[in-house]
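starting from these lines, generate the structure:
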Amino acid sequence: MFAFTALRLLAAATVAFSPSPSPSPSSLPQIAHVVTADRTDETLGNSVRTTYVVTAQQIAQNGWRTVTDALQEIPGVEIANYGTIGAQADYGIRGSDSTEVLVLIDGQPAPGGLADSVPLSSYSTVGIDRIEVVEGGGSTLYGAGSIGGIINIITDTQHAPPSATLRYGTFDDSELQLQGGGFSLDHIFANNSYALPVDPNSGLPLTRSNSDYLANTLGYGLSQKLGAVGVNFHASVAADTLGAAGQFPDYSPTSTEHDVNDDGVLTFSLRRAQSDPTLALSGTIQKITFDCDAATDPNCFQLAQSLSSENRIGLSLRNVVAAANERLIYGVDLSRGFVTVNDGFGDPVTTAILAQTAAYVQQTWIGARDEFYIGLRGERDGDLGGEYSPSVGASVNLTGALTLKANVATAFRAPNATELYYPGYGSVVQGFGLLQPERAQVGDVTLGDDRVLGGVALTWFDNYTRQLIVPTCLLYCNAATAPVGTFPVYAPQNVDHAHISGLTFDAKTIPIHGISATLGATDLYLAQNLDQQIRLPDYPTLSYPVFNVSIGLQYTGAPRDVLSTAGISERAVGAGGAVDPTQPLFYQPAAYSDLTAYAGFRVAPKMQLTLRGYNLGNERYAEVSGFPMPGRTFAVELTAR
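Numbering: from 1, shown residues only. Model prediction:
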């Protein structure tokens, strides 16, 4: 309520003291093209599939440093952090989990996709041109793993203007960002040693230690014309080290995680009068190692040099044939990769070879104000099975700017290497054999009007899945009867039937005197394991909240104004799991409200000083049970362009 009141007062005061007695709204900035929804260029308004875009300008203005930061206010997207910057984060779209969301970099799979270890919470936003999020099943055009949707991280380091940013904040959180000449660099260090409320057992104050984070990311992009052929190349190398403290109160003082994530995409495109063929070659490398001192650390959860590595190469060939009132898209996707896993507990090293062979086609008919498409994909994922994935959708103009969009599709995902082969967990290494691929029927209906405020949209979505893969407790499930010193043992199992339904609402206003407002809400009213009649995901400590809402007010000044940018926003999120009201909330996934504000001041023609505050209400909670989040924090940034 405080945030809503503050937003209304700020908006009213700004308009009231404006020199213009009758403010005139300015038009919304148009996003010229999106490329993810239909694997081809199109305007955002013409996309039948629900698509959201986070631009580089929004990233810089809000100070979002990782991809998960940039996604947390999008309706339908769920983010659950295990701590502050550098910590792991669970993510999903429309009630799905990370295994059912396909993450792409420049249209090609990101590192970690074969083993469900995509480092979305540590992927730097430096060098990113925009992030496109397509919600709903995307298996027709992109294949396995896109039941919930697609996150496409689109880079553009060559055309980004040169800039440098220095940041320093609470917990010695320091960062250097450099960009220009096709290169981008991001260096972060934070000790993340934040205080916790008083220990309910000892009565003593606590400090979350061994959560330090050091990360370096280097990217390079190039775009050239070789005669009639356009060549685009981007590659990035990222390395980070973080303290893996573990769950409260059983922290590990010595466990450390070391990650390396490399990716590269080389694209050749040829524009003809009626067709645009494109060839993309891609490769990714990921290496994750853990170590700790088992002799001195009773909570060491990974012995020396446990290892997970992944290597993948891919080839995609696509053609777009356009006529006056129709468009045909067809192509093939080929990839091959292997994952090597050693859990560090004496189990043998496991190596899995994974491959994908697929072909797809989509036909679209375009009318004066309406659009209709139908598509089909056939895919084979080696020994894990395959699927035919049809889809159909339409956009119908009802009246004026009121539009109805609808999509229906089948979607699927093959089990990943972790679910199959991880020592002590995977179904194959435990003798249960191969898991069945998930198969889902997904659909959504959106009613939107771009002339109300600056655009409003209400979406209903539905997902009915067979053979859903969920972690299931197999041993020591009841803490009251389990032997002393044991922990529950989980393994992935297929659930016969699961059903997810929900609503999203999105609204924004046209800027008036540089002021605009946004509102997004998600109501995940149904996420049910129909066989066991429990809420998904099937974890005892984690489920996505039923309801969350984000509201924001932004100001962008004129080119010579001292106050160049300002904003205030609040995210209200429901409980993310079981909460014991008799215990302190700082390590439980209780409902919370996160109030954030920033103000940027032009201290020189090409230099800006920005002050930022996070969790200004100082609420103490854990988005994931046992992993407390920090309280109120602050940061200062100096940016030169």
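
report the central residue of this structure.
Centre of the chain computed as the mean C-alpha position; nearest residue by Cα atoms, centre = their mean is T68, 4.8 Å away.

any stretches of the stretch 101-250 of the chain with poor pLDDT?
Along the stretch 101-250 of the chain, segments meeting pLDDT under 70 span 199-202, 204.

and R571, helix, strand or coil?
strand (DSSP: H, G, I helix; E, B strand; the rest coil).

ok, what's across the strand from it?
R571 has the following beta-bridge partners by DSSP bridges: S550, D594.

list the contacts of it.
Q72, E73, N548, V549, S550, S593, D594, T596 (Cβ atoms under 8 Å, 6 or more residues apart in numbering). Where C-beta positions appear, they are placed from N, C-alpha and C, glycine not excepted.

returning to that earlier point: check what pLDDT the residue nearest to the centre of the chain gets.
T68 is assigned 96 on the pLDDT scale.

and the gap between it and V54?
Distance from T68 to V54, counting by Cβ to Cβ, to the nearest Å: 11 Å.

can you check G433 too?
Taking Cβ to Cβ, one finds G433 at 41 Å from V54.

and L453, by the same measure?
20 Å.

higher neighbour count, these two?
V54 (22 against 16; other Cβ atoms under 10 Å).

the more buried one against A70, yeah?
Yes. Using Cβ atoms under 8 Å, V54 is in contact with A70, at 4.8 Å.

need the overlap of contacts for these two.
Jointly contacting V54 and A70 under the rule Cβ under 8 Å, 6+ apart are W64, I131.

before we move on, back to that, quickly list what's touching both of T68 and V54.
Counting by Cβ under 8 Å, 6+ apart, nothing touches both T68 and V54.

least confident secondary structure element in the protein?
helix 2-16 (a mean of 38; mean pLDDT, DSSP states H and E).

next helix or strand past it?
strand 51-55 (DSSP states H and E).

would you mark the buried spots in that next one?
Going by neighbour count (16 or more other Cβ atoms under 10 Å), the buried part of strand 51-55 is T51, Y52, V53, V54.

could you say what helices and strands that strand packs with?
strand 128-135 (3 or more Cβ pairs under 8 Å, 6 or more residues apart in numbering; DSSP states H and E).

and with 10 Å instead?
With contacts taken as 3 or more Cβ pairs under 10 Å, 6 or more residues apart in numbering; DSSP states H and E, strand 51-55 sits against helix 67-71, strand 128-135, strand 149-155.

okay, now the sheet partners of that strand, with direction.
strand 128-135 (antiparallel).

so what does the next helix or strand after the partner strand touch, helix or strand wise?
Counting by DSSP H and E, the next helix or strand C-terminal to strand 128-135 is helix 139-142. Applying 3+ Cβ pairs under 10 Å, 6+ apart, one finds that helix 139-142 contacts strand 101-105, strand 149-155, strand 326-342, strand 350-366, strand 371-380, strand 386-399, strand 402-413, strand 438-449.

give me every residue that touches S391.
Neighbour list for S391: 49, 136-141, 360, 362, 373-377, 407-411, 442-443 [criterion: Cβ atoms under 10 Å, 6 or more residues apart in numbering].

how about 7 Å then?
Applying Cβ atoms under 7 Å, 6 or more residues apart in numbering, we find S391 in contact with T140, G375, N407, V408, A409.

can I get the buried part of the residues you listed as one PyMOL selection?
Command for PyMOL that selects the buried part of the contacts of S391, burial taken from 16+ other Cβ under 10 Å:
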select buried, resi 140+375+407+408+409
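
quick check: beta-bridge partners of F268?
Counting by DSSP bridges, the residues bridging with F268 are V231, L279.

returning to that earlier point: ok, the residue nearest to the centre of the chain to T284 distance?
19 Å.

tell me the mean pLDDT over stretch 520-534?
90.

now the helices and strands packed on helix 139-142 as JSON lines including distance to N494?
Below are those laid out as JSON lines (distance: least, Cβ to Cβ, whole Å):
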{"stretch": "strand 101-105", "distance to N494": "19"}
{"stretch": "strand 149-155", "distance to N494": "22"}
{"stretch": "strand 326-342", "distance to N494": "21"}
{"stretch": "strand 350-366", "distance to N494": "19"}
{"stretch": "strand 371-380", "distance to N494": "19"}
{"stretch": "strand 386-399", "distance to N494": "15"}
{"stretch": "strand 402-413", "distance to N494": "12"}
{"stretch": "strand 438-449", "distance to N494": "8"}
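
and those strands: which comes nearest R272?
Closest to R272 of these is strand 326-342 (Cβ to Cβ; 13.6 Å).

direction included, what does the closest one pair up with?
Strand 326-342 has these strand partners (DSSP bridges): strand 306-322 (antiparallel), strand 350-366 (antiparallel).

any idea which of these gets closest to E623?
Nearest to E623 among the strands paired with strand 326-342 is strand 306-322 (23.9 Å), distances taken as Cβ to Cβ.

mean confidence for the closest one?
Rounded mean pLDDT across strand 306-322 is 92.

any buried residues in it, and which?
Per 16+ other Cβ under 10 Å, strand 306-322 contains these buried residues: S306, S308, S309, E310, N311, R312, G314, S316, R318, N319, V320, A322.

before we move on, the earlier item: buried deepest among the helices and strands packed on strand 51-55, which one?
Of the helices and strands packed on strand 51-55, the one with the most neighbours on average (mean count of other Cβ atoms under 10 Å) is strand 149-155, at a mean of 25.

which other helices and strands does that strand contact?
strand 101-105, strand 128-135 (3 or more Cβ pairs under 7 Å, 6 or more residues apart in numbering; DSSP states H and E).

can you put those in JSON lines and add distance to Y555?
Shown next, in JSON lines, are these (distance: least, Cβ to Cβ, whole Å):
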{"stretch": "strand 101-105", "distance to Y555": "32"}
{"stretch": "strand 128-135", "distance to Y555": "22"}
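
does N216 touch S184 like I think?
No. In this structure, N216 is not within contact of S184 by Cβ atoms under 7 Å, at 11.6 Å.

hang on, the earlier thing: out of the helices and strands packed on strand 149-155, nearest to G386?
If we rank those by Cβ to Cβ, the stretch that ends up nearest is strand 101-105, at 16.6 Å.

does the nearest residue to G455 once chain neighbours are set aside have beta-bridge partners, and which?
Spatially, and ignoring its direct neighbours in sequence, G455 is nearest to K508 (5.5 Å; Cβ to Cβ, 6 or more residues apart in numbering). With DSSP bridges as the criterion, K508 is bridged to T518.

now do the contacts for K508.
L453, G454, G455, S516, A517, T518.

ok, V321 next?
Shown in contact with V321 (Cβ under 7 Å, 6+ apart): Q274, S275, L328.

how far does stretch 174-194 stretch from one end to the other?
Using Cα to Cα, to the nearest Å, the span of stretch 174-194 from its first residue to its last is 15 Å.

one step back: would you turn the helices and strands packed on strand 51-55 into JSON lines with distance to N210?
Shown next, in JSON lines, are these (distance: least, Cβ to Cβ, whole Å):
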{"stretch": "helix 67-71", "distance to N210": "22"}
{"stretch": "strand 128-135", "distance to N210": "30"}
{"stretch": "strand 149-155", "distance to N210": "30"}
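
on that earlier part again, of the helices and strands packed on helix 139-142, which approaches G246 most closely?
Relative to G246, the nearest member of those by Cβ to Cβ is strand 326-342, separated by 19.7 Å.

and P162, how many residues sit next to it?
11.

that one contacts L178, correct?
No. When contacts are counted by Cβ under 7 Å, P162 is not listed as touching L178 (8.5 Å).

tell me the mean pLDDT for the helix or strand encompassing V470?
If you go by DSSP H and E, V470 is part of strand 456-475. Mean per-residue pLDDT for strand 456-475: 89.
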